[in-house]
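Q: Got a sequence here, can you model it:
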Amino acid sequence: MPTPHVSVPAETDLPPEILTVTANPSLDRTLELTSPLVHGAVQRASAVRAEPGGKGINVARVASAAGVDTRALFPARADDPLLAALDAVALPYLTLAIDGEVRSNVTIADPDGTTTKVNAPGFVLDDAIAAELTELVLRNARGARWVALCGSLPPGLPHTWYRTVVDALQGSGCRVAVDTSGAPLAAAVTGPVDLLKPNEQELAEATGADPAQLAAASAQGDHARIVTAATELAQRTGAAILATLGATGGLLVTGTGAWFATPPPIVPRSTVGAGDAALTGYLIAECRGADEPERLRTAVAYGSAATALAGTQPPYPDQIDLDNVTVTDLTGAASAG
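A: Reported below is the predicted structural model:
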């Protein structure tokens, strides 16, 4: 078995509050344009950023910036440029060695904050590495408060991998959050889980709802249809459903109620990583004992703060505007609709 590479001082080598798992990490390169992207044209970037990425790594960076004990777990070789980037921002991580280089993703950001993202498929994980990655996750999840399984799965991992890990963690004492899409999401919601973080499209995927109808209802401020879909998913999986709805805000549905939150006013720069920041805001608030409306408030504040930053920079606590997030109790909205 390859020896895991650890960037955690021995004296702090204790279970983190939040362990994030990124099976398909990346180096995220962001090009900021001075004019809107034109297909087929030659354009110049006003700024270029290269940052460590992958949804779980994004979550870990935001949590670490807030002072929450966290650790990012992902596959990468010891000399991969991603590790140097993480060392530069002092993020604790644990890796499983692979023979190839972590993928690079490219984001093109228009001046109005519209983003176009091109994601590479990722390094292929064979069966042996996949089994070792699973074992590494299970071993390091012991004692964590939350395990966040985030992002796409690389070639070689079966689309049921998240479901397999969630099932293996049942009874371990940690809570499990899943943030993914497509076939991995469909497999993940076939059994119990503690927290799911879909966007509108992913909520439609998981419930069979019409995504266009969900988007239209959200844009019109009609939350009943979205609450209905989220409630169905919550009842099927036992999960709290944190649905991120872009500039509209966010929705939280649990076994005890439903709430909607509108974001504070911001000037958008990049939506990349905003959903990851929202998930982190929820986890931070839960770790600190906040009730459900306050968890949603924190999630939306973090997502909005991330949208106001270029690239995939993590927002820091002094950039979070909790006071201007409005939370509305929608309990009963699904039956009313």
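
Q: Can you tell me which residue is spatially central in the chain?
A: The central residue of the chain, meaning the one whose C-alpha is nearest the mean C-alpha position (CA atoms, centre = their mean), is Asp276 at 3.3 Å.

Q: can you map out the helices along the stretch 151-300 of the chain?
A: Using DSSP state H, counting those that start in this stretch, the helices of the stretch 151-300 of the chain run over 161-169, 182-188, 200-207, 211-219, 224-237, 274-287, 292-307.

Q: With respect to burial, which of those scores highest?
A: Each of these was scored by mean neighbour count; the highest is helix 274-287, a mean of 28, by mean count of other CB atoms under 10 Å. All C-beta spots, glycine's among them, are computed from the backbone N, C-alpha and C.

Q: what packs against that helix?
A: Packing contacts for helix 274-287, counted by 3 or more CB pairs under 8 Å, 6 or more residues apart in numbering; DSSP states H and E, involve strand 18-22, helix 55-65, strand 146-150, strand 175-179, strand 240-244, helix 292-307.

Q: residues of whichever helix or strand comes after the longest one that come out buried?
A: Under the assignment DSSP states H and E, the closest C-terminal helix or strand after helix 292-307 is strand 326-329. The neighbour-count check on strand 326-329 (16 or more other CB atoms under 10 Å) flags Val327 as buried.

Q: partner strands of strand 326-329, parallel or antiparallel?
A: Partners of strand 326-329 in the sheet, by DSSP bridges, are strand 258-262 (antiparallel).

Q: For the host helix or strand of Ala128, name the packing helices and strands.
A: Using DSSP H and E, Ala128 sits within helix 127-141. Applying 3+ CB pairs under 8 Å, 6+ apart, one finds that helix 127-141 makes contact with strand 18-22, strand 70-75, strand 93-96, helix 161-169.

Q: Need those in JSON lines (columns: distance to Ala177 and mean pLDDT).
A: Shown next, in JSON lines, are the helices and strands packed on helix 127-141 (distance: least, CB to CB, whole Å; pLDDT from 0 to 100):
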{"stretch": "strand 18-22", "distance to Ala177": "9", "mean pLDDT": "98"}
{"stretch": "strand 70-75", "distance to Ala177": "13", "mean pLDDT": "96"}
{"stretch": "strand 93-96", "distance to Ala177": "18", "mean pLDDT": "94"}
{"stretch": "helix 161-169", "distance to Ala177": "10", "mean pLDDT": "97"}
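
Q: Just send those back as TSV, with distance to Val106 too.
A: Putting the helices and strands packed on helix 127-141 into TSV (distance: least, CB to CB, whole Å) gives the following:
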stretch	distance to Val106
strand 18-22	18
strand 70-75	19
strand 93-96	23
helix 161-169	25
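
Q: so who does the residue nearest to the centre of the chain touch?
A: Under the criterion of CB atoms under 8 Å, 6 or more residues apart in numbering, the contact partners of Asp276 comprise Lys55, Asn58, Val59, Val62, Cys150, Asp179, Ala306, Thr312.

Q: Out of the helices and strands packed on helix 127-141, flag the one nearest Lys117.
A: Taking CB to CB as the criterion, strand 18-22 is the member of these that comes nearest to Lys117, at 16.3 Å.

Q: Who does the closest one pair with, and is each partner parallel or antiparallel?
A: Within its sheet, strand 18-22 is paired with strand 70-75 (parallel), strand 146-150 (parallel), according to DSSP bridges.

Q: Quick one, which of the helices and strands packed on helix 127-141 gets closest to Asp112.
A: Between the helices and strands packed on helix 127-141, strand 18-22 lies closest to Asp112; by CB to CB that is 29.2 Å.

Q: Next SSE downstream of that closest one?
A: Downstream of strand 18-22, the first helix or strand assigned by DSSP H and E is strand 26-33.

Q: Note down every partner strand of the next helix or strand after that following strand and its orientation.
A: Moving toward the C-terminus from strand 26-33, the first helix or strand encountered (DSSP H and E) is strand 45-53. On the basis of DSSP bridges, the sheet neighbours of strand 45-53 come out as strand 26-33 (antiparallel).

Q: Now do the strand it pairs with: distance to the chain's middle.
A: Here strand 26-33 shows a centroid-to-chain-centroid distance of 18 Å under the convention CA atoms, centre = their mean, to the nearest Å.

Q: What are the contacting residues of it?
A: Under the criterion CB under 8 Å, 6+ apart, residues 43-54, 81-82, 85, 102-111, 119-120, 122, 269-270, 272, 310-312 lie in contact with strand 26-33.

Q: Just the C-alphas of that strand, formatted as PDB.
A: Backbone C-alpha positions of strand 26-33 (Å, rounded to 0.1, in the frame of the first residue of the first chain) are rendered in PDB as follows:
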ATOM      1  CA  SER A  26      -7.700  19.900  -9.100                       C
ATOM      2  CA  LEU A  27      -5.600  23.000  -9.600                       C
ATOM      3  CA  ASP A  28      -8.100  25.700 -10.500                       C
ATOM      4  CA  ARG A  29      -7.000  28.400 -12.900                       C
ATOM      5  CA  THR A  30      -9.200  31.400 -13.300                       C
ATOM      6  CA  LEU A  31      -8.900  34.000 -16.100                       C
ATOM      7  CA  GLU A  32     -10.700  37.300 -15.400                       C
ATOM      8  CA  LEU A  33     -11.900  39.000 -18.600                       C
END
